[in-house]
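Enquirer: below: sequence and its predicted model.
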Amino acid sequence: MSNRADSRDLVAIVCGDRVRVERDAAGRFRLPSLPDTDGWANPADLVTLAADPSAVIAAPATRLLAEPKTTLHLLVIDRAGPQDNWLPLRDLSELAEPDGVATAILSGLDRHRRADLPDGRPEWFAEGWRASADAWTDDQLSNLELRRAGPSVMIKLWGLSAVLRIPVAGRDNLRRDVYFKATCPLFHAEPAITELLANVIPDHLPDLLAVDRGRAFMLMGALPGADPDAGRRPDVAPAASRVMARIQMIMIGHLAELRAAGAPDRTLDPTLEGLAMIISDSLELDQLTAEERDLIRRAEPWLAEQLQGLAACGLPYTISHGDLHVGNIAEGGDRLVIYDWTDAAISFPTLDAVLLARSATDAHRDETMAGYVEEWRRGFDSLEYEAIWQTSLIATKVYQAISYERIYRAQEPRTRWELGGVVAQLLRDLGSRWSDQSGR
């Protein structure tokens, strides 16, 4: 776990050909900063610091130094505050900041303004994208007889997705929030998959107001619950496990529609191929010791047997959420919604239950597993669920490692630090599992 006290988040706020600066006790120019975020600064906090609600995040967060962790965030604004101190971009060498800050600012601005994005960088980092997203949103609001009641607010914006919150009002003049989401090319099918699921199982999916499958845009109503930002609630996991099981059983009859919507095939054969790839060619193999690499190579036949056993257990393939944890569940009143279907695919059903139970904490883990199994027993009563569960614990780690490897390979290399280390750790865990069971 990272030590946030040893992290620095520098924020370059650019207006025209100037960057906002502060002076330290020695009179040197410094960029504004946010404390203790470990690189994961909240976009809303960045916009607050910029003092301009229309501020645009112009480039992915850049990790400049590993120790102490130093991350640069680049924002562009249209209006400069009269009391601010500004440094011309041509004088960035005067900044009392780590090596690389000036270069990162200038290269980030150049890419943003020319819309000449490197491979793997999503289009929301290009100049003009925010305006186009707002224009699309306004068109959809008009169709819904709603009107914007304030500027869009960035909720999340990174390499995989962009989420905006928009205050709106209707004929009743009551204000409420709607949410815009765009997904990166790797997860381009999320809107289509979400739309299909919402048509089949509307009670447990977000309220979709509009979808643009070609641009991977969604406009959604607010999730149930008084405070969507209140954080994770492990106590919702048992009920969510039952809901997920019911969704999966219903979607067994909609596999052709899922494929047409773009849901990836992550059944046995693609998973075995992915396993071979991460063991022989993962981008994070260099983070393993020679002994750890040898261990995971020797474990591959056993891991393949676990996957083959799960495929033959008697449960059919169906929709897999792929990232099911209590942070992707909203509950309010008598409604429970599962959202963020970014990683959705056609695969083994029980992997979702393992992930959800893992996030449920010890207090709710057993109930979460039991509820999931009870729902599946209604249609598949004679299966040995304890054995299926044990195999799923291993298969889930394989599946996750392949998922993260896919993300790494689709990302711009300079942003891999955001999720870095996950595949390496999963490979270590899988090698240790094989070693423990085989007595090696």
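Expert: Sure thing, it's come through. Because the structure is predicted, anything quoted here is derived from the model rather than measured.
Enquirer: quick one: list the elements packing against the helix or strand where residue 9 lies.
Expert: Using DSSP states H and E, residue 9 sits in strand 7-15. Applying 3 or more CB pairs under 8 Å, 6 or more residues apart in numbering; DSSP states H and E, one finds that strand 7-15 makes contact with strand 18-23, strand 33-35, helix 43-50, strand 69-76, helix 101-114. C-betas here are computed from N, CA, C, even on glycine.
Enquirer: I'd like the distance from the following helix or strand past the longest one to the chain centre, please.
Expert: By that I understand helix 101-114. Sequence-wise, the next helix or strand downstream of helix 101-114 (DSSP H and E) is helix 129-143. How far helix 129-143 lies from its chain's middle: 23 Å, per CA atoms, centre = their mean, to the nearest Å.
Enquirer: just the buried residues of helix 129-143, please?
Expert: Residues 129, 130, 133, 134, 136, 137, 138, 140, 141 are the ones in helix 129-143 that count as buried (16 or more other CB atoms under 10 Å).
Enquirer: in its sheet, what does the helix or strand that comes right after that helix sit against?
Expert: Next along the chain after helix 129-143, taking DSSP H and E as the criterion, comes strand 147-148. Take DSSP bridges as the rule and strand 147-148 pairs in its sheet with strand 161-169 (antiparallel).
Enquirer: pull the residues that contact the strand it pairs with.
Expert: Outside strand 161-169, the residues within contact range by CB atoms under 8 Å, 6 or more residues apart in numbering are 122, 124, 133, 137, 141, 146-150, 152-157, 175-184, 187, 342.
Enquirer: now it - C-alpha only, CSV.
Expert: Below are the C-alpha coordinates for strand 161-169, written out as CSV (Å, rounded to 0.1, in the frame of the first residue of the first chain):
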residue,chain,number,x,y,z
SER,A,161,-13.5,6.7,-18.7
ALA,A,162,-14.9,10.2,-18.4
VAL,A,163,-17.9,11.0,-16.1
LEU,A,164,-19.6,14.4,-15.8
ARG,A,165,-22.5,15.4,-13.5
ILE,A,166,-25.0,17.8,-15.0
PRO,A,167,-27.6,19.7,-13.0
VAL,A,168,-30.9,19.8,-14.9
ALA,A,169,-34.5,21.0,-14.4
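Enquirer: what element comes up after that strand heading to the C-terminus?
Expert: Downstream of strand 161-169, the next assigned helix or strand under DSSP H and E is strand 175-183.
Enquirer: list the buried residues for that next one?
Expert: Neighbour counts using 16+ other CB under 10 Å place 177, 178, 179, 180, 181, 182, 183 of strand 175-183 among the buried residues.
Enquirer: ditto for stretch 159-170
Expert: Buried residues in stretch 159-170 (16+ other CB under 10 Å): 159, 160, 161, 162, 163, 164, 165, 166, 168.
Enquirer: now that stretch, how far from the centre of its chain.
Expert: 15 Å.
Enquirer: do the same with stretch 53-69
Expert: Offset of stretch 53-69 from its chain centre (CA atoms, centre = their mean): 17 Å.
Enquirer: what sits against the nearest residue to residue 108 once chain neighbours are set aside?
Expert: Spatial nearest neighbour of residue 108, excluding adjacent residues (CB to CB, 6 or more residues apart in numbering): residue 59 at 3.5 Å. With contact taken as CB under 8 Å, 6+ apart, residue 59 is in contact with 74, 104, 108, 109, 111, 112, 125.
Enquirer: tell me the pLDDT at residue 59?
Expert: Taken from the predicted model, the pLDDT recorded for residue 59 is 96.
Enquirer: so it sits in a helix?
Expert: No. Looking at residue 59 with DSSP: H, G, I helix; E, B strand; the rest coil, it is coil, so not inside a helix.
Enquirer: distance check, it against residue 269.
Expert: Taking CB to CB, to the nearest Å as the criterion, residue 59 is separated from residue 269 by 39 Å.
Enquirer: likewise for residue 112?
Expert: Distance from residue 112 to residue 269, by CB to CB: 41 Å.
Enquirer: same thing with residue 134?
Expert: The gap separating residue 134 from residue 269 is 43 Å, by CB to CB.
Enquirer: contacts for the helix or strand that contains residue 310?
Expert: According to DSSP H and E, residue 310 maps onto helix 290-311. With contact meaning CB under 8 Å, 6+ apart, helix 290-311 is reached by 267-268, 271-272, 275-276, 279-280, 285, 288, 348, 350, 388, 391-392, 394-395, 398, 427-428, 430-435, 437-438, 440.
Enquirer: gap between residue 222 and residue 136?
Expert: Residue 222 is 19 Å from residue 136, where distance means CB to CB.
Enquirer: ok, residue 234 next?
Expert: Using CB to CB, residue 234 is found at 36 Å from residue 136.
Enquirer: ok, and which of the helices and strands packed on strand 7-15 has the densest surroundings?
Expert: Comparing the helices and strands packed on strand 7-15 by mean neighbour count (mean count of other CB atoms under 10 Å), strand 69-76 comes out on top with a mean of 24.
Enquirer: residue 190 and residue 339 touch, don't they?
Expert: No. Applying CB atoms under 8 Å, one finds residue 190 not in contact with residue 339, separated by 10.4 Å.
Enquirer: more neighbours, the two?
Expert: residue 190 (26 against 19; other CB atoms under 10 Å).
Enquirer: show the pLDDT at that one.
Expert: You'll see residue 190 listed with a pLDDT of 98.
Enquirer: same deal with the one 10 residues further on?
Expert: In the prediction, the pLDDT value recorded for residue 200 is 96.
Enquirer: ok, residue 230 next?
Expert: For residue 230, the model assigns a pLDDT of 49.
Enquirer: and the helices in the stretch 301-440 of the chain, which stretches?
Expert: Secondary structure of the stretch 301-440 of the chain (DSSP state H, counting those that start in this stretch): helices at 350-359, 361-377, 385-410, 422-438.
Enquirer: CSV please, covering those and showing mean pLDDT, distance to residue 87 and mean neighbour count.
Expert: Formatted as CSV, those follow (pLDDT from 0 to 100; distance: least, CB to CB, whole Å; neighbours: other CB atoms under 10 Å):
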stretch, mean pLDDT, distance to residue 87, mean neighbour count
helix 350-359, 97, 45, 24
helix 361-377, 96, 48, 18
helix 385-410, 97, 36, 20
helix 422-438, 94, 38, 17
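Enquirer: spatially central, which residue of the chain would that be?
Expert: residue 160 (5.9 Å; CA atoms, centre = their mean).
Enquirer: contacts only, for that one.
Expert: Contacts of residue 160 by CB under 8 Å, 6+ apart are 122, 183, 184, 186, 187, 342, 407.
Enquirer: count the neighbours of the nearest residue to the fifth one once chain neighbours are set aside for me.
Expert: To tie it back to what came earlier, the one meant is residue 187. Distances taken as CB to CB, 6+ apart place residue 342 nearest to residue 187, at 4.7 Å, with adjacent residues excluded. Number of residues near residue 342 (other CB under 10 Å) recorded here: 20.
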